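>>> turn this into a structure:
(chains A and B)
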2 protein chains.
Amino acid sequence: MAFKVGLLGLGTVGTGTAEILLDPAGRHPILQEITIKKVGVRSLDKPRKLKFPQGTISTDLTAIVTDPEIDIVVELLGGLEPARSLILQAIAAKKHVVTANKAVIARYGDEIYSAAEKAKVYVLLEGAVGGGIPVIEPLKQSLGANRIKSAIGIVNGTTNYILTQMAAVGADFADVLAEAQQLGYAEADPTADVDGLDAADKITILTSLAFGKSVKREQVLTEGIRQVSITDINYAEKLGFAIKLLAISQNLGDCLQVRVHPTLVPKSHPLASINGVNNAILIEGDPIGQVMFFGPGAGAGPTASAVVADIMNIVGVLKSSTNTENLDPLLSCSHQEYATLLPSEELVTRFYARSLARDVPGVIGHLGTCFGKYNVSLESVVQIGFVGEYSEIVVVTHDVKEGNFRLAIAEISNLDAIHSIPSILRVL
Amino acid sequence: MAFKVGLLGLGTVGTGTAEILLDPAGRHPILQEITIKKVGVRSLDKPRKLKFPQGTISTDLTAIVTDPEIDIVVELLGGLEPARSLILQAIAAKKHVVTANKAVIARYGDEIYSAAEKAKVYVLLEGAVGGGIPVIEPLKQSLGANRIKSAIGIVNGTTNYILTQMAAVGADFADVLAEAQQLGYAEADPTADVDGLDAADKITILTSLAFGKSVKREQVLTEGIRQVSITDINYAEKLGFAIKLLAISQNLGDCLQVRVHPTLVPKSHPLASINGVNNAILIEGDPIGQVMFFGPGAGAGPTASAVVADIMNIVGVLKSSTNTENLDPLLSCSHQEYATLLPSEELVTRFYARSLARDVPGVIGHLGTCFGKYNVSLESVVQIGFVGEYSEIVVVTHDVKEGNFRLAIAEISNLDAIHSIPSILRVL
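Numbers count the residues shown, from 1 in each chain, chains lettered A, B, ... in the order given. Now for the predicted structure:
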């Protein structure tokens, strides 16, 4: 018996997915039982790398998601609409759904999971986070025996490439971004990547799987890498850190802390050496300790690998059971209560701050006094360089409440001796 | 409805498994539906960390594997017998089986898989390789869309700890082994670990999952780390390598290559920086590229995490389907044809050799001529130190056939200028 797939979207990942399905030799034998019945595209006129039988490609996406012969709808359109509506229509028509659409799942995951639970169909999304790296599955199944403490990841390859290149060649953000755009590692409009929005989508999804509680996407503290300068990367290097855009989700017991921001990562930390377009996700749980998943976080092949794995998983379940009166609770996602997030001023972390000071006596004393007033204790204070007439002073704090740190910084900004505070970054 | 587990073995991993099952709060909710019906032990007299209700613990292991109320038998006895027989009895009694027993699966996997297929029960074994790191599941499911090219791993924590410590403190193998035994990282009888037998069990299992072909355990080329000296670690370091005990399985198209041996790993390679008791498995496939799984490769907590994940997985399937007339082909393991292994003399790899030479003119010329005669081309030749009256000459070859290299070495050993060749190691 062949299982029939309706594929929505024939861009990079859609083409990669079709290539695997059309060429099953040497892969898992179950792939030989899967056929592409329909491919939905926006325009028939676009030149396509792959040839399909006459009538396979169509612009009538609604007809595909309601086609009675189709078992599994694979949504690879990207963007919010019509992707969300088509996923919901497919579910209503009792199709299982596979998607790599992080934006839709991060915002409408609950609506989609609830509909899927009601319709008794699966919605799988391994390709939505970490490209081909298996990370959704481990959180749902392989690590399910654990109390998860945290999930910390480098989940955006574009920004990791940019930060890696800045450090490697000593170039500025704008120059490396332009180069990344030329190489195809960054989009013409790089906002979603460099402003941390893509990473925030992904940590929203990981959080709900890791902790069994949903997070409102708009509540995720999100800072991108535009403000990271080569000066800061060099200071971080001297202090023993690499700067990475981290997506962090931590279970604090009665609430969660979910955030995306450039972070100074100690060089001894496993995430510090993840370079280029690679992704890595570090999960800490009890009793497992720390496990890390590393690999290519994007691209046609890796993402298609995850999408096809999800298709295979559903086919495996369909083959083993003719009566799916209940969903496998480890494979399904269910609607969950919303988590309480820690207010950002309550966040406890270390900080890095770089200030430009007038060359007057006692300026470090003034800084120390101000920080002390707000219970911010300093791990290191370094005065290394000069920028014109100003001396550059870098401090790294011990763990402090973000609110206290911000109060101290506000007061320090007003000191006569301080010209400006060009950078504030968090430290892992 | 509660699902009932019969647990065989209450050692380190058995106790860790029971601890998770007895304390489900904060973990996946499905754990609340799983109870321990019976625990089988060898002796009732041994003091136990955990308390079970009267009558739970028993020495009648056969009664447990045939108990009609038990759904899942969890075999954590270790060793070949009675583990193998009890697993087969459990399967015959239509129990699903979870095991972390790499020795049994590596040797009797086919017998056990065939019996399980016939009885339509699952045999899951995530805990058998890599402790808590999900690696069995990815090979069976998440990476199933790929043509796997290779699986290369550091899969034995004891030897990785010993090699890491030797490099860190400059100590000899025997001293570090003694220390590891004191710390509990090595057994009183360290043979299985330091001679590579445990790693060979694990790569045998990984190979059958990665390539869909079985491997006869006794055909796996297996060399341990007893012959690795601090001298070689230091030379490797100077040449830009770390020495690791690697378990390697590669698909060469018409045959496989499966081997365990100490290996010089270039420092830029992801496996070179895996230190201490950690494990890591690097899988390369098409189209995913390289993915790596990293974490604690042994210990009660991590291994129990994997064992309980397997139990949960089976319960998830049982909950979703009342008629299991077919097994999910992605979750089951089926009996497979045996792979042809490449004869070791045909293996193509780089080599490292350290020789002690008499201080006579032209010795490097003699070496080069001999290697050249057998088509062994040299990447580097380094003469660094002296050992008494002998000079120490280290060569690293380009990729060569092992057979040719061995012929060259045999001839070189007979040169008047050569006193001895204390070390030969392969290079990744």
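>>> count of neighbours near the residue nearest to A:G144 when sequence neighbours are not counted?
Once flanking residues are discounted, A:G144 sits nearest to B:H28: 3.8 Å by CB to CB, 6 or more residues apart in numbering or on different chains. Placement of C-beta: from N, CA and C, glycine included. Residues contacting B:H28 under the criterion other CB atoms under 10 Å in any protein chain shown number 23.
>>> one more: A:V315?
Residue crowding around A:V315 was assessed by other CB under 10 Å; the count is 25.
>>> same check, this time on A:E126
A:E126: 27 surrounding residues under other CB under 10 Å.
>>> that one reaches A:P134, doesn't it?
Yes. Using CB atoms under 8 Å, A:E126 makes contact with A:P134 at a distance of 6.6 Å.
>>> tell me, what's touching those two both at once?
A:306, A:309, B:142 (CB atoms under 8 Å, 6 or more residues apart in numbering or on different chains).
>>> could you tell me which of the residues you listed belong to helices?
Residues of the shared contacts of A:E126 and A:P134 located in helices (DSSP state H): A:306, A:309.
>>> closest to B:G153 out of the shared contacts of A:E126 and A:P134?
Using CB to CB, the shortest approach to B:G153 within the shared contacts of A:E126 and A:P134 belongs to B:S142, at 16.5 Å.
>>> what's the spacing between that closest one and chain A?
In this view, B:S142 and chain A are 4 Å apart by CB to the nearest CB, to the nearest Å.
>>> so what touches the helix or strand encompassing A:G16?
Using DSSP states H and E, A:G16 sits within helix A:12-22. When contacts are defined by CB under 8 Å, 6+ apart, helix A:12-22 is touched by residues A:5, A:7-8, A:10, A:27, A:31, A:34-36, A:39, A:48-50, A:52, A:74, A:76, A:100, A:127, A:299-301, A:303-305, A:307-308, A:311, B:145, B:287.
>>> right, and the helix or strand after that helix?
strand A:34-40.
>>> neighbours around the closest residue to chain B within the stretch 151-300 of chain A, how many?
Here the residue of the stretch 151-300 of chain A nearest chain B is A:P287; by CB to the nearest CB that distance is 2.8 Å. When neighbours are counted by other CB under 10 Å, A:P287 registers 20.
>>> now it. Nearest residue, chain neighbours left out?
B:G301 (2.8 Å).
>>> correct me, but the one you found touches A:Q290?
No. At 11.5 Å, B:G301 does not count as touching A:Q290 under the criterion of CB under 8 Å.
>>> the more surrounded of these two?
B:G301 (23 against 18).
>>> so which bits of the worst-scoring helix or strand of chain A on mean pLDDT are buried?
The least trusted helix or strand in chain A, going by mean pLDDT, DSSP states H and E, turns out to be strand A:378-387, with a mean of 85. Across strand A:378-387, burial judged by 16 or more other CB atoms under 10 Å in any protein chain shown covers A:L378.
>>> re the thing from before, the residue of the stretch 151-300 of chain A closest to chain B against B:T303, yeah?
No. Counting by CB under 8 Å, A:P287 sits too far from B:T303 to count as a contact (9.3 Å).
>>> give me the common contacts of these two.
B:16, B:132.
>>> sketch out the low-pLDDT regions of the stretch 301-428 of chain A for me.
Per-residue confidence of the stretch 301-428 of chain A (counting by pLDDT under 70) places the weak regions at A:322-324.
>>> which phi and psi does A:V265 have?
phi -110, psi 120 (degrees, to the nearest 10).
>>> can you give me the strands in the stretch 101-250 of chain A?
For the stretch 101-250 of chain A, the strands defined by DSSP state E, counting those that start in this stretch cover A:123-124, A:147-154, A:221-222, A:241-251.
>>> ugh, wrong one, I meant the stretch 251-400 of chain A
For the stretch 251-400 of chain A, applying DSSP E, counting those that start in this stretch gives strands covering A:256-266, A:278-286, A:289-296, A:348-358, A:378-387, A:390-397, A:400-401.
>>> show me what the fourth one is packed against.
So the one you mean is strand A:348-358. Here strand A:348-358 touches helix A:230-239, strand A:390-397, strand A:400-401, helix A:402-413, strand A:418-427, going by 3 or more CB pairs under 8 Å, 6 or more residues apart in numbering or on different chains; DSSP states H and E.
>>> please redo it, this time with the cut-off set to 6 Å
Applying 3 or more CB pairs under 6 Å, 6 or more residues apart in numbering or on different chains; DSSP states H and E, one finds that strand A:348-358 contacts strand A:390-397, strand A:418-427.
>>> try the third one
Counting contacts by 3+ CB pairs under 6 Å, 6+ apart, strand A:289-296 packs against strand A:278-286, strand B:289-296.
>>> rewinding a little: need the helices and strands packed on strand A:348-358 in TSV (columns: distance to chain B and mean neighbour count).
TSV is the format used below for the helices and strands packed on strand A:348-358 (distance: least, CB to the nearest CB, whole Å; neighbours: other CB atoms under 10 Å in any protein chain shown):
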stretch	distance to chain B	mean neighbour count
strand A:390-397	25	20
strand A:418-427	22	18
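>>> A:K149: which of these is closest?
For A:K149, the closest of the helices and strands packed on strand A:348-358 is strand A:418-427, at 18.5 Å, according to CB to CB.
>>> so what strands line up beside that closest one?
Neighbouring strands of strand A:418-427 in its sheet, by DSSP bridges, are strand A:256-266 (parallel), strand A:348-358 (antiparallel).
>>> please work out which of these is packed deepest.
Highest mean neighbour count of these: strand A:256-266, a mean of 23 (counted as mean count of other CB atoms under 10 Å in any protein chain shown).
>>> how about the residues of the stretch 201-350 of chain A by chain B?
Within the stretch 201-350 of chain A, the residues that sit near chain B (CB under 6 Å from any CB of the partner chain) are A:287-289, A:291-292, A:294-296, A:301-302, A:305, A:308-309, A:312-313, A:316-317, A:319-321, A:326-330.
>>> among these, name the buried ones.
Among those, those scoring as buried are A:287-289, A:291-292, A:294-296, A:301-302, A:305, A:308-309, A:312-313, A:316-317, A:319-321, A:327-330 (criterion: 16+ other CB under 10 Å).
>>> neighbours around the nearest residue to A:G403 once chain neighbours are set aside, how many?
Distance criterion CB to CB, 6+ apart; nearest residue to A:G403, sequence neighbours excluded, is A:E345 at 3.1 Å. The number of residues packed near A:E345 is 12, by other CB under 10 Å.
>>> no more questions from me, cheers.
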